[in-house]
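Undergrad: sequence and predicted structure are below.
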Amino acid sequence: LDYPPNQEAALLLAEGLAPLLRARLAAPWTLHVAGARPPDWLRARLQAAEGVRPWFDVPDVEPVYAACTVALLPVLAGGGTKLKTLEALARGMAVVASAEAARGLRLVPGLHYLPAETPEQCAQAVLRLHAEPALRAALGAAGRDW
């Protein structure tokens, strides 16, 4: 989280997506945001965001993935970011990802992941996966098989 595009993505989730989900989901939920080396200003904003559970500088990401049912990857830039997508797919998680997060992986939208570029599109995808557990399972299985 010391990389500006990752900071922007974290804020997109915490301050853009979380309020949309809060307004539309009656069931309790938590948005988990994980990353290393956040600057103090970002740490404070993520900790203050309602419905957000920040994970900072964790030595092992497995507990973060275990706490989640969907992986959200609103990646905006960067070459190493594809590893986050591959990690989520390998774990059999349903993935909602930006085009940048899927770029170069030859993934098929709707088969391996749901595409989303904006907080609104991301919210729609999360709500769809919440309402359609079979789709969530199918995306997870197809991503893991890929």
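TA: That came through fine. Keep in mind that what you see is a predicted model, and the values were worked out from it rather than measured.

Undergrad: separation between Leu114 and Glu62?
TA: 24 Å (C-beta to C-beta, to the nearest Å). Backbone N, C-alpha and C define where each C-beta goes, glycine included.

Undergrad: ugh, typo on my part, it should be Met93
TA: From Met93 to Glu62 the distance is 12 Å (C-beta to C-beta).

Undergrad: what do you get for Ala142?
TA: Ala142 sits 22 Å away from Glu62, going by C-beta to C-beta.

Undergrad: higher neighbour count, those two?
TA: Neighbour comparison, Ala142 and Glu62: the larger count goes to Ala142, with 19 against 10 (by other C-beta atoms under 10 Å).

Undergrad: and what about the more buried one, helix, strand or coil?
TA: For Ala142, the assignment made with DSSP: H, G, I helix; E, B strand; the rest coil gives helix.

Undergrad: residues touching it, list them.
TA: Going by C-beta atoms under 8 Å, 6 or more residues apart in numbering, Ala142 touches 111-112.
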